[in-house]
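Enquirer: just the structure for this:
(chains A and B)
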Amino acid sequence: MNTAIPTTAPASAPTDDRIARAQESLGALKAEIERRLFGQSNLVLQAIIGLLTRGNILIEGQPGLGKTLLVKVMAEAIDLDFSRIQFTPDLMPADITGSQTLMHDEHGRARLDFRAGPIFANLVLADEVNRATPKTQSALLEAMQEHAVTVGGVRRLLPEPFLVAATQNPIEMEGTYPLPEAQLDRFLLKLEVVFPSFEDLREIGLRTTGRTEDTTQRAMEKQTMLDLQNLVRDIVVAPHVAEFCAALTLATHPEAPNATPDVKRFVRYGASPRAMQGLILAGRAYALLCGRAWVAEDDIRAVAHPVLRHRMIPSFDAKLEGVTNNRLVDGLIATVPNVRAS
Amino acid sequence: MNLPLSNLLRRWSTASNRRRALEELARAAVWLGATAVVAAGIDRLPHGLAYLGWEAPEWLANVDTRRSVIVWSAGIVALAIVVRGVWQFVRRRTGPFALARALDRKHETRDLLATAWALEGGKLAADPGLAQVVLDRANGTSRGITNPVTPWMAPGRALATLGIAAAVVGILPTEAPLPDLAGTANAAESSNAPTLPEATRERLARTAEALAKLERRPALRDATRSKLAQARAHLEAMQRDPSKSIGALSRAEQALREAQREAAKDGMFDPKQLEQLDAETLAREMIEAIERGDTDTAAAMAEEMARRTEDASDADLEKLGKAMERALANTEPSTSASRERNDSESGQSGESGQESGKSGESGKSGESGKSGESGKSGESGKSSESGKSGESGKSGESGKSGESGKSGESGKSGESGKSGESGKSGESGKSGESGKSGESGKSGESGKSGESGESGESGKSGESGKSGESGKSGESGGAGESGAPSRGESERRARWRNEAESLSERLRGGESGGPRSELRELAERMRERSGSGSLERQLEKALEDVEKARSRQFEEMNKEGEGEGEGEGEGEGEGEGEGEGEGKGEGKGEGKSGRARSGKPGGKPGPGGGRGSDQYGTSTAPPDASRGGAEEVDAEAAGPLKGAVRYIERMAQGQRTGPEFRDVHREYEEIAEAAVRREQIPLTRRDYIRSYFEAVRPD
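Expert: All right, here's what the predicted structure looks like:
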């Protein structure tokens, strides 16, 4: 049963109205996804931010916490194509991108047909990406970056909106190929799935073990999402907010003058300029989710964790002392002032 | 293009900065006030210490040094306060953007105003539609902002400091405690005082006479009068029994100091007594005081007269005017009298005395002749008395009294040493060389002459005596009164007299307002002219004379005494250097296992290190497939052990130095590297291992 689906106002409508309706649409989407995924409000918010910013997301969490369900529900709520790729050590690049197959037509003539791989979907879940070989990983990463694949010399565009949600299993390390840090940087956000609370766990048990399976209601049209992705790019970012993002990015480097003592001690390499881009994009999306046409510094602080936590390479001391990147980011957003704002 | 928000922010930031500037000014002013109070407190500190019986350091006790230190310190502090105030203002000054951000934080508008400010300023390119949304919302928000300017921040700390400083300084005494002269006097009674030189006795006699004259001043405060009487009584007692001179002088000095203190605090004259004087007496006293140069008496009378003109009826005013007229008529101008006196005098004391009596004009000598009345001219009377006493010399002296008198003798004075004392007087007698006379000579100011004589009085009273000599010292005389006021002094008196004449006429005409203010101005000028007040100077001179005499007596007594062995033999020989422990072995063998933990030889652990056998004393070479068996290490060595675990343990405590640790590190690293190469370590763990050895590498 379809309920009324809020749409974005036409581009000619007053902009304030567009913002309001965008907020309404996104609110409905978030509510629907949260209905299916209990106790993961923050995770859902960040996933929507990833989608709005056309950025790829890396999801990390223990098995069974709903990583696959998140992406699947998100696709269903927006009526997007969804595909899941289970990465294994023997997975080949062609298994992802597709390949050309020799076919015979009715006249018996041989021809090469392209069989699209699972990458050709709007939302792609790359499960346990760290189990595949680096060669296979690179095929995925290329598709993420280019929104296109090249097979047999032919470049084929991937459908829009396109988002890759990759997962990594932090438990099993034997026989795995963790994504190199340089590749991690290509993911806009890294989401961490937390274990549900007692109440949420109870709800999960009650709702998912019945005879009828809950289904996802459509909350947004595909075109609406495309419009929203364009609208996000227009959200106003003041110079002092951009300077704050720059200060934050710079502070992740141990040799930077504004680096915190923890960064100097526990970080080997800091975040790249992609982090700066990620902060601004994610900040814009967050502002739009809040119904604002401009980005505030607090928006940047709200999205700093998913943007930065996978971009700082910790030193051995950090591993020895159990210092996580989340703790480092906490210190950064608490202490880094916008010193250049005047 | 209308930029309402920008204009609003600019206006608010200007107002805010103005308020900040005023705050800093107020704060700086309060701090400066506190500095001034503290400076005053430091100035009073020696008095406070004296009350507590403590001795102030030399630099603090010395007025010049102390004040110099205070001025410099206060100046530096004041400069620092100003600089800090300026710096604080510069630091807290806000521009429109900073104000926008502050308002965003305060009203939780999430950078709305700051973003709008940037948009209006053209600092960013944005989608026009969205930009307009931001601007509209910002303008709407700004209209609802009340109190955009940051509120006043009172200089609480500064005010508290000022309050505390004022409270502390307020309890500090403003003057040093009076010396316990009474105690000294009592102590001195038991011993025989040395003989008082004749000249000193005579000088002190004159001082007593001068004090007697001071006592007869009209409307003098009872307490002051009483103290003067006490001092005079002691001096007279001393005359009767010179053997008790020290005690008498001490008590006299005590009384004079108390009188001086009271005079400084409450003034010489009692307002109530002044009110009780009738118009005739008031006017007469004023005119006579003018003529004899007794400016503070004249000022007090003039002030009282001015007070009486307030709300006075025409009849009262006329009465006042007539009284003044009569007083003027009955009082000869001192200038002419002075001249006369000078002529008659020429140093003949007696005559001068007489003249003073006569010339008395200045001193109302005429009256003085009567002495009683002269009492008023007071001095002159006395002088005449002195003249009578035939001690013209005296009068002369008195005339010179102060110094002149002495100078009278003066020729000898100098010799008499009295002059020496008078020092001034002596000189003055001569011609005002004495400091004072000199001064008086110059100024011809009665004040000085006054000093020259308590005799000054005589001088003042122009008791010719002075006049005579004052004529000479004239200057000293400033005695101008009596005798030879300086030209300037004469002119001043003449001027004041003329003013009095004019005032009397106007008072008779029923005018009150003008005369009142003029009387007050006249009083003010007379006070200024006399400096600290001629009466006060006379008191000061008397005190000085008595103090000098007492000091001299003590010196004489001590000389005789001789040999009070002060010799405070200090000689505490402290400081035996005990050489404390030349590093005697601390840490005697702390090693529980008999092994010095820190292991460093010759170090703190002392001798205990490295003894004893222990399993760790033997080698614990790391397992190494490529090597043979365990490596043997000599545990008995005086130096550190080569146990690998021991070194690793030490490394964990932060000690990464030493060749032993480097050896262990290298051994382990080689083994691990070999294992990695042989692919005994999973791929994903190889970097981990490498990083580990990197982290524990030796310093």
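Enquirer: residues of chain A that sit close to chain B?
Expert: A:14-16, A:18-19, A:173-174, A:176-178, A:234-241, A:292-299, A:316-317, A:319-320, A:341-342 (CB under 8 Å from any CB of the partner chain). Glycine gets a C-beta too; all of them are placed from N, C-alpha and C.
Enquirer: which helix in the chain runs the most residues?
Expert: The chain I'm using is chain A. helix A:15-36 (DSSP state H).
Enquirer: wrong one, chain B
Expert: Determined from DSSP H, the single longest helix within chain B is helix B:4-52.
Enquirer: phi, psi for B:Met268 please.
Expert: Here is the backbone geometry of B:Met268 (degrees, to the nearest 10): phi -80, psi -30.
Enquirer: then B:Thr309?
Expert: Taking degrees, to the nearest 10, you get phi -80, psi -10 for the backbone angles of B:Thr309.
Enquirer: where does the chain have low pLDDT?
Expert: In the absence of a named chain, this looks at chain A. Scanning chain A for pLDDT under 70 picks out A:1-15, A:170-175, A:338-342.
Enquirer: oops, I was thinking of chain B
Expert: For chain B (pLDDT under 70), the answer is B:1-3, B:178-193, B:334-485, B:530-533, B:559-644, B:647, B:651, B:654-657, B:679-680, B:699.
Enquirer: for it, what lies in contact range of chain A?
Expert: Applying CB under 8 Å from any CB, we find that chain B lies next to chain A at B:95, B:97-98, B:101, B:104, B:110-112, B:114-115, B:118-119, B:123-124, B:126-127, B:129-134, B:136-137, B:682, B:684, B:691-692, B:694-695.
Enquirer: the longest helix of chain A packs against which elements?
Expert: The elements that helix A:15-36 packs onto, with contact taken as 3 or more CB pairs under 8 Å, 6 or more residues apart in numbering or on different chains; DSSP states H and E, are helix A:41-52, helix A:67-78, helix A:222-232, helix A:273-289, helix B:128-143.
Enquirer: adding mean neighbour count and distance to A:Gly108, write the ones you listed out as CSV.
Expert: Output for these, formatted as CSV (neighbours: other CB atoms under 10 Å in any protein chain shown; distance: least, CB to CB, whole Å):
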stretch, mean neighbour count, distance to A:Gly108
helix A:41-52, 23, 46
helix A:67-78, 23, 40
helix A:222-232, 18, 41
helix A:273-289, 23, 52
helix B:128-143, 18, 60
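Enquirer: write a PyMOL command that selects only the buried members of the residues of chain B next to chain A.
Expert: Of those, the buried ones can be selected in PyMOL as follows, counting by 16 or more other CB atoms under 10 Å in any protein chain shown:
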select buried, chain B and resi 97+98+101+104+110+111+112+114+115+118+119+126+127+129+130+131+132+133+134+137+691+692
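Enquirer: in contact with A:Leu288, which residues?
Expert: Residues near A:Leu288 by CB atoms under 8 Å, 6 or more residues apart in numbering or on different chains: A:Ile19, A:Ala22, A:Gln23, A:Leu26, A:Leu52, A:Leu228, A:Leu231, A:Val232, A:Ile235.
Enquirer: separation between it and B:Gln260?
Expert: Separation of A:Leu288 from B:Gln260 (CB to CB, to the nearest Å) stands at 88 Å.
Enquirer: go on, A:Ala287?
Expert: Counting by CB to CB, the gap from A:Ala287 to B:Gln260 is 83 Å.
Enquirer: so which of the residues of chain B next to chain A sit within helices?
Expert: Counting by DSSP H, the residues of chain B next to chain A contribute B:97-98, B:101, B:104, B:112, B:114-115, B:118-119, B:129-134, B:136-137, B:684, B:691-692, B:694-695 to helices.
Enquirer: rewinding a little: what's the longest helix of chain A in contact with?
Expert: A:5-9, A:11, A:13, A:40-41, A:44-45, A:47-48, A:52, A:69-70, A:73-74, A:77-78, A:214, A:216-217, A:219-220, A:224, A:228, A:231, A:288-293, B:127, B:129-130, B:132-133, B:136.
Enquirer: go through stretch B:166-175 and flag the buried ones.
Expert: By neighbour count with 16+ other CB under 10 Å, stretch B:166-175 contains the buried residues B:Val169, B:Leu172.
Enquirer: re the thing from before, return the set of buried residues in the longest helix of chain A.
Expert: Within helix A:15-36, the residues scored as buried using 16+ other CB under 10 Å are A:15-16, A:18-23, A:25-26, A:28-30, A:32-36.
Enquirer: CA atoms of that helix as CSV?
Expert: Taking C-alpha atoms only, helix A:15-36 is exported to CSV below (Å, rounded to 0.1, in the frame of the first residue of the first chain):
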residue,chain,number,x,y,z
THR,A,15,13.6,27.9,-2.7
ASP,A,16,12.5,28.0,0.9
ASP,A,17,9.7,25.7,-0.1
ARG,A,18,12.1,23.4,-1.8
ILE,A,19,14.2,23.2,1.3
ALA,A,20,11.1,22.5,3.4
ARG,A,21,9.9,19.8,1.1
ALA,A,22,13.3,18.3,0.8
GLN,A,23,13.4,18.0,4.6
GLU,A,24,10.1,16.4,4.6
SER,A,25,11.0,13.9,1.9
LEU,A,26,14.2,12.9,3.6
GLY,A,27,12.5,12.7,6.9
ALA,A,28,10.0,10.3,5.5
LEU,A,29,12.7,8.2,4.0
LYS,A,30,14.6,8.1,7.2
ALA,A,31,11.6,7.1,9.2
GLU,A,32,10.8,4.3,6.8
ILE,A,33,14.3,2.9,6.9
GLU,A,34,14.4,3.2,10.7
ARG,A,35,11.1,1.3,10.9
ARG,A,36,12.8,-1.7,9.3
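Enquirer: tell me the angle of it relative to helix A:222-232?
Expert: Going by axes from the mean of the first three to the mean of the last three CA atoms, to 10 degrees, helix A:15-36 is angled at 120 degrees with respect to helix A:222-232.
Enquirer: distance from helix A:15-36 to the middle of the chain?
Expert: Here the centre of helix A:15-36 is set off from its chain's centre by 18 Å, with CA atoms, centre = their mean, to the nearest Å.
Enquirer: what are the phi and psi angles of the spatially most central residue of chain A?
Expert: Nearest to the mean C-alpha position of chain A, by CA atoms, centre = their mean, lies A:Ile57 at 2.4 Å. Per-residue torsions, A:Ile57: phi -120, psi 150 (degrees, to the nearest 10).
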